[in-house]
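Chemist: no letters, just coordinates:
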């Protein structure tokens, strides 16, 4: 076993300063490297495990498990291990070269770096596009909200204006109905007076006796009759005016309610 350990030390160690490995360190290296090398610890000393660099080069699948094992080996003794043509892995320049893909072939690293650079550019471009899109969306949203508020205010103002116009229209209609009723009543009174005067003179012409006496007697009769008729007409005219005013007011209220209901439905 000691010979095997010596072979392992000679094969796996690259010591620029000839720093010797302890038995525990050698066993740890064996434990990590044998599972990925296809060898085992019971092999003959004249058939040693492959070198670490050969192990890295011959990897073809580059599975995450293999890469993790290689990185564990390199991280155990990074101050003593040096890779061929690259120098100690603990140096700053080596860390910059290796990056996040330790042990990969140079061509693979080249394509990986190029892919990472392209991906970073795409991410930056996409972030800029998303920022611009958010700004444009916010601007469109503000414009829409302002237009909506303006339209809503205009509709509300128009509704109040139309409501005021409807009230004025209803009031004017009621006033017109009252004036029309008064004109009709006055016309009816004039016609009644004219008919009464015609009847009075026709009756007076037919009467016999002294003209003055018959005129006074007939005038007294017509005066009483005209007075009673005038009272009836005034009462009827007042009732008619009240009825017309009530009808006009009811009509105006109905028109206002109907127009208010229509405008409310339109605003909704």
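Modeler: Arrived safely. This one's a predicted model, so the numbers in the text were calculated from it and none came from an experiment.

Chemist: could you list every helix and strand that the longest helix anywhere in the chain packs against?
Modeler: Under DSSP state H, the helix in the chain containing the largest number of residues is helix 106-206. Judged by 3 or more Cβ pairs under 8 Å, 6 or more residues apart in numbering; DSSP states H and E, the packing partners of helix 106-206 are helix 211-267. C-beta here means a position set from N, CA and C on the backbone, and glycine is covered the same way.

Chemist: per-domain residue ranges of this protein.
Modeler: 2-103, 161-267 (automatic domain parsing).

Chemist: any idea which of those scores lowest on pLDDT?
Modeler: Mean pLDDT is lowest for domain 2-103 out of the domains of the chain, coming in at a mean of 49.

Chemist: buried sites along stretch 171-186?
Modeler: 174, 177, 181, 185 (16 or more other Cβ atoms under 10 Å).

Chemist: from residue 191, how far off is the last one?
Modeler: When distance is defined by Cβ to Cβ, to the nearest Å, residue 185 is 11 Å away from residue 191.

Chemist: returning to what we had before: between the buried residues of stretch 171-186, which is closest to residue 256?
Modeler: residue 174 (11.4 Å; Cβ to Cβ).

Chemist: quick check: that closest one vs residue 165, distance?
Modeler: 15 Å.

Chemist: and the gap between the closest residue to residue 169 other than its chain neighbours and residue 117?
Modeler: Counting by Cβ to Cβ, 6 or more residues apart in numbering, residue 255 is the residue found nearest to residue 169 once chain neighbours are left out, at 7.4 Å. Distance of residue 255 to residue 117, computed by Cβ to Cβ: 77 Å.

Chemist: more neighbours, the two?
Modeler: residue 255 (15 against 10; other Cβ atoms under 10 Å).

Chemist: surely that one touches residue 172?
Modeler: No. Under the criterion of Cβ atoms under 8 Å, residue 255 makes no contact with residue 172, lying 11.4 Å away.

Chemist: rewinding a little: wait, what's in contact with the residue nearest to residue 169?
Modeler: Counting by Cβ atoms under 8 Å, 6 or more residues apart in numbering, residue 255 touches 166, 169, 170, 173.

Chemist: what sits against the first one?
Modeler: It stands for residue 166. Contacts for residue 166 were tallied using Cβ under 8 Å, 6+ apart; they are 255, 256, 259, 260.

Chemist: can you give me the neighbour number for the last one?
Modeler: Burial of residue 260 is recorded as 15 neighbouring residues (other Cβ under 10 Å).

Chemist: how many other residues sit next to the spatially closest residue to it that is not a sequence neighbour?
Modeler: When the adjacent residues along the chain are set aside, residue 260 lies closest to residue 163, with 6.3 Å between them (Cβ to Cβ, 6+ apart). Residue 163 is flanked by 14 other residues according to other Cβ under 10 Å.

Chemist: hmm, residue 163 is touching residue 258, no?
Modeler: No. Applying Cβ under 8 Å, one finds residue 163 not in contact with residue 258, separated by 11.7 Å.

Chemist: from residue 181, how far off is residue 144?
Modeler: From residue 144 to residue 181 the distance is 55 Å (Cβ to Cβ).

Chemist: same question, residue 122
Modeler: 86 Å.

Chemist: sorry, back to before: now tabulate the buried residues of stretch 171-186 in a markdown table and tack on distance to residue 199.
Modeler: Shown next, in a markdown table, are the buried residues of stretch 171-186 (distance: Cβ to Cβ, whole Å):
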| residue | distance to residue 199 |
| --- | --- |
| 174 | 37 |
| 177 | 33 |
| 181 | 27 |
| 185 | 21 |
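
Chemist: closest one to residue 138 out of those, please.
Modeler: Using Cβ to Cβ, the buried residues of stretch 171-186 come closest to residue 138 at residue 174, 54.0 Å.

Chemist: how close does that closest one get to residue 246?
Modeler: Counting by Cβ to Cβ - residue 174 and residue 246 are separated by 10 Å.

Chemist: and residue 176, by the same measure?
Modeler: 15 Å.

Chemist: no further questions, thank you.
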